[in-house]
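A.B. asks: have a look at this prediction, sequence included:
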Amino acid sequence: MEYLHHDTGGEDHPEQPERLKAIARKLSEGPLAPTIVEVAPVAASREDILAVHDDDYLLRFEDACLSGREYFGHSDNRICYETWEIAFLSAGAGITGIELIEASKSDLVFCSVRPPGHHAEAGLPLGFCFFNNVAVAAKYWQATYGRERILIFDFDAHHGNGIQEIFDEDPGVMYVSMHEHPTFSFPGTGWDYEQGTGPGKGFTLNVPLPPGAGDDLVLQALAEKITPAVEQFRPECIIIAAGFDAHGRDDMSGLDWTTVVYGRLGTTIANWADRFTDGRVLSILEGGYVPEALAASVETYLGGLSLVV
Amino acid sequence: MFVTKYMTSNPVSIDPDVLILDAYRILRDRDFRHLPVTDSSGRLQGMVTDRDIRSALPSSVASAEERDRIMRKVSHTTVKAIMSEAVNVLGLESTLDDALILLMKSNVGALPVVGRDRVLEGIFSIRDLMRAYGSLFGLGEKGSLLITIRAGEAPDLIGQVATVLARNGVILTRVVREESEDGKGPLLHLRVNTFNQRAVNAALKDAGIEIISPARS
């Protein structure tokens, strides 16, 4: 549980260690407990990170952490001395998960990690993110196992600008994101006209939702836009950028989803996995900033994920 | 705020005695819709548009003889015969607001920008206007979010907002006012460079400022 040592400066910062503690408590006390096996992550290597981030960026990040600065880049991106090492562990969790999946030791892996990743770009920390954990995992899956059709589905309330940017020209990775509309929501990216660039055109799908959007719009988007796109793409692998901050009780977004819809997301993804990836799904935690709502939503999501309806 | 910043400077222009078909080729090759017509000193004489040229060409439903007859005439005709001479223009001191008003009033897609003696200096299109206002409104500025508050009676509201944001180390990049639909008073949309809306919203509320959520009223 080294992730808890990434100190973001106290209770005022939304990205708190308590988030992961709450998830762990809920899962250990709930009905899924007997089905969960805990595995320790192996830290990503420098090469794994360099597949996504610039060498210069790593040097600057390391320097910021080890010289005792309070934040890296924007003042939102709070760090402490340990953050440098912890970021490698956070990015490594997805890789550890891939190894489990490819060795058929597990079909469903959930990486309960912090710091989150999907806002980080090759040379830019953003939105509490330093290394793009999901992107590192996808690149690893491509390089080590030659996977050619990876679906990344991001239902965090905020657009994963980092993931989109990193795979913008890659037709082997389909990035699908449902998020609060960029006119209103951080980070101000993720327009529906963006579909990818060059060879990657057609392999990005943004579904912006208006402030106040509830479960019905989620289910509608899944049925009308997202599932058809997934069916057309026919993924070999699925990575979920699993953020839970669209919950109505989460004050870090203007979306208004219920705990229940995370279960529906789980069953929908389970259905895709059943049809295309032999039931295998790698999920990596992104946002979710009210610990109680986050924990309940994670549990419901995992419950749905383990059901093929 | 001036059109000169956003216009196309030194635009392509043609003489009045250029043949219609040559003008058409220029428009097609460069993917333009508007071509200013200038004299040898660069003074604006008129504008010829894609539409003007098409009006001069024969109808696609006309017979072959009819089309030949008209094309023979067209192939000897210069743009002087079809251009609009009474053209609305912008000046070097014109602002984006001027451009918006004039584009709406004259119902054209682009306006020439002229200097002294009506010498052509640039061309400013609706696209240029859209791009200008997009960047002024902070469209697509990565790392920002919109907070909507009620624009109350207090004259120092903006000052209060600025103080709160400064205290939280948050940069405010845009303030836009919009009439509300709920009859409770206009809205102010604040574009701020932060992810931590929890902290900013709390600080604004503490200062007695009403946050509108979701951003639709």
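C.D. replies: Looks like it arrived, so ask away. Fair warning: this is a prediction, and the values are worked out from it, not measured in the lab.
A.B. asks: chain A contacts on chain B?
C.D. replies: Selection of chain B residues close to chain A by CB under 8 Å from any CB of the partner chain yields B:138, B:140-146, B:169, B:193-199, B:201, B:213-216. All C-beta atoms are positioned from the backbone trio N, CA, C, and that covers glycine.
A.B. asks: just the ones of the residues you listed in helices?
C.D. replies: Judged by DSSP state H, helices contain the following of the residues of chain B next to chain A: B:197, B:198, B:199, B:201.
A.B. asks: out of the residues of chain B next to chain A, name the ones that lie in strands.
C.D. replies: Among the residues of chain B next to chain A, the members found in strands (DSSP state E) are B:145, B:146, B:193.
A.B. asks: mind putting the residues you listed into a markdown table with neighbour count?
C.D. replies: Output for these, formatted as a markdown table (neighbours: other CB atoms under 10 Å in any protein chain shown):
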| residue | neighbour count |
| --- | --- |
| B:145 | 26 |
| B:146 | 22 |
| B:193 | 22 |
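A.B. asks: closest to residue A:125 out of those?
C.D. replies: residue B:193 (13.8 Å; CB to CB).
A.B. asks: picking up where we left off before, just the buried residues out of the ones in helices among the residues of chain B next to chain A, in PyMOL syntax.
C.D. replies: Only the buried members of these enter the following PyMOL selection, criterion being 16 or more other CB atoms under 10 Å in any protein chain shown:
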select buried, chain B and resi 197+198+199+201
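A.B. asks: can you add distance to residue B:43 and pLDDT and give the ones in helices among the residues of chain B next to chain A back as a markdown table?
C.D. replies: Converted to a markdown table, these look like this (distance: CB to CB, whole Å; pLDDT from 0 to 100):
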| residue | distance to residue B:43 | pLDDT |
| --- | --- | --- |
| B:197 | 55 | 93 |
| B:198 | 60 | 93 |
| B:199 | 59 | 91 |
| B:201 | 57 | 92 |
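A.B. asks: from residue A:282, how far out is residue A:127?
C.D. replies: 22 Å (CB to CB, to the nearest Å).
A.B. asks: same question for residue B:118.
C.D. replies: According to CB to CB, residue B:118 and residue A:282 sit 66 Å apart.
A.B. asks: the helices in the stretch 51-200 of chain A, which residues?
C.D. replies: When assigned using DSSP state H, counting those that start in this stretch, the helices of the stretch 51-200 of chain A occupy the ranges A:55-66, A:83-102, A:133-145, A:161-166.
A.B. asks: out of these, flag the one nearest residue B:183.
C.D. replies: helix A:161-166 (37.1 Å).
A.B. asks: hmm, the closest one in reach of chain B?
C.D. replies: Yes: residues of helix A:161-166 contacting chain B under CB under 8 Å from any CB: residue A:161.
A.B. asks: give me the distance from that helix to the chain's centre.
C.D. replies: 12 Å (CA atoms, centre = their mean, to the nearest Å).
A.B. asks: just checking, what packs against that helix?
C.D. replies: helix A:133-145, strand A:173-180 (3 or more CB pairs under 8 Å, 6 or more residues apart in numbering or on different chains; DSSP states H and E).
A.B. asks: list the contacts of the longest one.
C.D. replies: If you take CB atoms under 8 Å, 6 or more residues apart in numbering or on different chains as the criterion, helix A:133-145 is touched by A:44, A:48-49, A:51-52, A:90-91, A:93-95, A:97-98, A:102, A:111, A:113, A:116-118, A:120, A:147-148, A:150, A:152, A:154, A:160, A:162-163, A:166-167, A:172-173, A:237, A:239, A:241, A:282, A:284, A:286.
A.B. asks: the residue of the stretch 201-309 of chain A found nearest chain B: neighbour count?
C.D. replies: Closest approach between the stretch 201-309 of chain A and chain B, counting by CB to the nearest CB: residue A:211, at 3.3 Å. If you count neighbours by other CB atoms under 10 Å in any protein chain shown, residue A:211 ends up with 20.
A.B. asks: within range of chain B, give me the residues from chain A.
C.D. replies: So chain A meets chain B at A:12-14, A:74-76, A:119, A:126-128, A:158, A:161, A:182-189, A:191, A:210-212, A:251-252, A:254, A:256, A:289 (CB under 8 Å from any CB).
A.B. asks: can you report how many residues lie near residue 90?
C.D. replies: No chain specified, so I'll use chain A. The number of residues near residue A:90, taken as other CB under 10 Å, comes to 29.
A.B. asks: oops, wrong one, chain B.
C.D. replies: The burial count for residue B:90: 23, using other CB under 10 Å.
A.B. asks: mind listing the residues bridging to it?
C.D. replies: residue B:113 (DSSP bridges).
A.B. asks: tell me which residues touch it, please.
C.D. replies: B:3, B:7, B:98, B:99, B:102, B:111, B:112, B:113, B:114, B:124.
A.B. asks: out of these, who's the most crowded?
C.D. replies: residue B:111 (28 neighbours).
A.B. asks: tell me the SS of the residue nearest the centre of chain B?
C.D. replies: Central residue of chain B (CA atoms, centre = their mean): residue B:129, 1.2 Å from the mean position. When classified by DSSP: H, G, I helix; E, B strand; the rest coil, residue B:129 comes out as helix.
A.B. asks: quickly note the distance from it to residue B:99.
C.D. replies: Counting by CB to CB - residue B:129 and residue B:99 are separated by 6 Å.
A.B. asks: ok, residue A:124 next?
C.D. replies: 35 Å.
A.B. asks: check which helix or strand the residue located most distally from the centre of chain B maps to.
C.D. replies: Computed with CA atoms, centre = their mean, the residue of chain B farthest from its C-alpha average is residue B:65, at 43.4 Å. For residue B:65, the element it lies in under DSSP states H and E is helix B:64-74.
A.B. asks: how many residues are close by residue B:167?
C.D. replies: Residue B:167 - counted by other CB under 10 Å - has 10 other residues nearby.
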